[in-house]
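>>> any chance you can model this:
(one chain, ligands or ions: 2)
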Amino acid sequence: MKLLFDRIDEPGLNTLPVYEARGGYESLRKALAMPPEAVLNELEASGLRGRGGAGFAMGKKVSFLPKGAMDKYLVCNADESEPGTFKDRELMQKSPHMLIEGLIIASYAAGANRSFIYIRGEYVLQADMLDAALHEAREQGYVGENILASGHSLSLVVHRGAGAYICGEETGLLDSLEGKRGNPRLKPPFPANQGLYQGPTLINNVETLATVPTIMRMGGDQYAKLGVETSTGTKLVSVSGHVQRPGNYEIELGIPSREIIYGLAGGPPEGREVKCWFPGGSSSPVLTADELDVPYDFNSLAEVRSMLGSGAIIVVDDSTPILDVALKVAKFYRHESCGKCTPCREGTNWTVKMLERIDSGEATPMDLEIMASVQEHIMGNCLCVLGDAMAMPISSMIVKFREEFEAHMQAAQARARADLGVADAALTAADALSAEGAAAHA
Ligand SMILES: Cc1cc2nc3c(=O)[nH]c(=O)nc-3n(C[C@H](O)[C@H](O)[C@H](O)COP(=O)(O)O)c2cc1C
Ligand code: SF4
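Numbers count the residues shown, from 1 in each chain. Ligands and ions are numbered 1, 2, ... in the order given. Next comes the predicted model:
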């Protein structure tokens, strides 16, 4: 079932004429002919949950915005910096009007008149494509004053970030958009009440907003029949790592994860087995090969103590030491921590150092306990969830691959001892030589 990716590779889909020829902007016309409350009802009926990471119900989030005449903002989160995630990039590049149409409909439902697409700095091509599409949409009267004579007006600006993972966190993003350093804010107040420029703000991910035209076309109730009760609709998943056919796939929520990893992405290379996999980006706790039949939806993945996150499945096969995986993850979060909270700033750094000690043979079994306890002290104790984003996968690796960590530690210790032995032998030989030399000289 393809909704967002339906004929996504059609040539020229990024342009207005091709998009309109396929019924593009019909959902906007339909929405503008309804009262905003009715549009909101459709969004709520669809059961659409945010596709950016937290999985919060979109309709509910819109309903949190205060009612009445005031400046309200709609911000599209196109930062897409969770490792393994590259679905928004394909959507924006191939079908930018789908996002723009969704954004206009959502702004109408939310009563927002000013909007921004905050796109990660590295997405230069996608920002250009969005700008070009926006120009066409403005010319056609879909964006600007009194859209299609509905009385609804919307300004829309594409704003490029400067390349920091933390600017994907919604409040860090807002600070960055305001021209400040992108640091997360203390919540509450939540953006719905005090967001951009202290005004009520709705923030949604690219895929979430791009799904809105489909919901308006199908009707919320019909959309809710797709997927499973608690995770309706389809989802774009980015599959990467040790698979034969990496890429973006659109799936109906609730299908077995095995069908995605083996069926769509072709599974690991010949002769290799799945060792572990991240179901929702590098911040999701890892699952093992025994957990491949878990249905791919928000609640089922939560039941096995992981999460759907951004929908980025990273597969690791049995050729990779778990320590390498853990180090890669920990180094990324250490680098991206904004440094504001001690558990995150220090905890990410300690974790990297402890993993390096295991690798170099300096660690003792107690280090593994300390490392596990550091993760526990990070979780739930920070301003934003970047700290947890490292602690959750690292904890899961310690629990599920403890024996491998211990074996790695012992092998590294043996290597270090052997190296020491060689060094001692070399020293003894050198001592003997100098003693001989001294004797000869005497
Ligand atoms: C450290 C961090 C990075 C994040 N990065 C992104 C991102 O790149 N894109 C995104 O849509 N959401 C990201 N999020 C989630 C956002 O804070 C927010 O929940 C999301 O944009 C809301 O949109 P949604 O409800 O449509 O999912 C991130 C969260 C955290 C804590
Ligand atoms: S958890 Fe980390 S990234 Fe988030 S605010 Fe604290 S220090 Fe910054």
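
>>> starting at the chain centroid, how far to stretch 210-229?
With C-alpha atoms, centre = their mean, to the nearest Å as the basis, stretch 210-229 stands 22 Å off its chain's centre.

>>> swap that for stretch 231-240, please
Worked out by C-alpha atoms, centre = their mean, stretch 231-240 lies 12 Å from the chain centre.

>>> in space, what's closest to whatever residue of the stretch 101-250 of the chain ends up closest to ligand 1 - neighbours in sequence excluded?
Nearest residue of the stretch 101-250 of the chain to ligand 1: Gly168, at 2.3 Å (C-beta to the nearest ligand atom). Where C-beta positions appear, they are placed from N, C-alpha and C, glycine not excepted. With sequence-adjacent residues excluded and distances taken as C-beta to C-beta, 6 or more residues apart in numbering, Gly168 is closest to Asp79, at 3.6 Å.

>>> the one you found touches Tyr118, doesn't it?
Yes. In this structure, Asp79 is within contact of Tyr118 by C-beta atoms under 8 Å, at 6.1 Å.

>>> who touches both of these two?
Here Asp79 and Tyr118 have Gly161, Cys167, Leu173 as joint contacts, going by C-beta atoms under 8 Å, 6 or more residues apart in numbering.

>>> wait, isn't the last one in contact with Cys76?
No. Counting by C-beta under 8 Å, Leu173 sits too far from Cys76 to count as a contact (10.0 Å).

>>> ok, those two, which is more surrounded?
More neighbours surround Cys76 than the other of Leu173 and Cys76, with 30 against 27 (other C-beta atoms under 10 Å).

>>> which residues does that one bridge with?
Ile117, Asn204 (DSSP bridges).

>>> low-confidence ranges, this structure, go.
422-427, 429-430, 432-435, 437-438, 440-442 (pLDDT under 70).

>>> domain-wise, how is it divided?
Domain ranges of the chain: 16-225, 231-317, 322-404, per automatic domain parsing.

>>> and the contacts of the helix or strand that Met92 is a member of?
Met92 is part of helix 87-94, with elements assigned from DSSP states H and E. With contact meaning C-beta under 8 Å, 6+ apart, helix 87-94 is reached by 4, 8-9, 13-14, 78, 80, 98-99, 119, 123, 125-126, 129-130, 205-207, 210, 236-238, 248, 310-312.

>>> of those residues, which belong to strands?
Members of those lying in strands (criterion: DSSP state E): Ala78, Ile119, Asn205, Leu236, Val237, Ser238, Asn248, Ala312.

>>> name the residues of this protein found near ligand 2, please.
With the criterion set to C-beta under 6 Å from any ligand atom, the chain comes near ligand 2 through 166, 184, 337-341, 344-345, 382-384, 386-387.

>>> want to throw these into TSV with distance to ligand 1, secondary structure and neighbour count?
Below are the residues of the chain next to ligand 2 laid out as TSV (distance: C-beta to the nearest ligand atom, whole Å; DSSP: H, G, I helix; E, B strand; the rest coil; neighbours: other C-beta atoms under 10 Å):
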residue	distance to ligand 1	secondary structure	neighbour count
Ile166	6	helix	23
Pro184	7	coil	22
Ser337	9	coil	24
Cys338	9	coil	20
Gly339	13	coil	12
Lys340	12	coil	16
Cys341	12	coil	18
Cys344	10	helix	27
Arg345	14	helix	16
Cys382	10	coil	21
Leu383	10	coil	19
Cys384	5	coil	22
Leu386	4	helix	25
Gly387	9	helix	26
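
>>> redo those residues as CSV? Include distance to Ser153.
Listed next are the residues of the chain next to ligand 2 as CSV, based on distance: C-beta to C-beta, whole Å:
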residue, distance to Ser153
Ile166, 32
Pro184, 31
Ser337, 40
Cys338, 36
Gly339, 40
Lys340, 37
Cys341, 40
Cys344, 41
Arg345, 43
Cys382, 39
Leu383, 35
Cys384, 33
Leu386, 36
Gly387, 41
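
>>> just the strands in this structure please.
Secondary structure of the chain, counting by DSSP E: strands at 73-78, 114-119, 155-160, 201-205, 227-228, 231-232, 234-241, 247-252, 274-278, 287-288, 312-317.

>>> I'd like those as CSV, with distance to ligand 1 appended.
Formatted as CSV, the strands of the chain follow (distance: least, C-beta to the nearest ligand atom, whole Å):
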stretch, distance to ligand 1
strand 73-78, 4
strand 114-119, 9
strand 155-160, 14
strand 201-205, 3
strand 227-228, 16
strand 231-232, 13
strand 234-241, 12
strand 247-252, 15
strand 274-278, 15
strand 287-288, 21
strand 312-317, 11
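
>>> who wins for proximity to Ser46 among these?
strand 231-232 (6.3 Å; C-beta to C-beta).

>>> what pairs with the closest one, parallel or antiparallel?
Counting by DSSP bridges, strand 231-232 is paired with strand 227-228 (antiparallel).

>>> residue contacts, the nearest residue to Ser115 once chain neighbours are set aside?
With C-beta to C-beta, 6+ apart as the criterion, Ser115 has its nearest non-adjacent residue at 4.1 Å, and that residue is Leu74. For Leu74, the contacting residues are Leu103, Ala106, Ser107, Ala110, Ala112, Arg114, Ser115, Phe116, Thr201, Leu202, Ile203, Asn204, by C-beta under 8 Å, 6+ apart.
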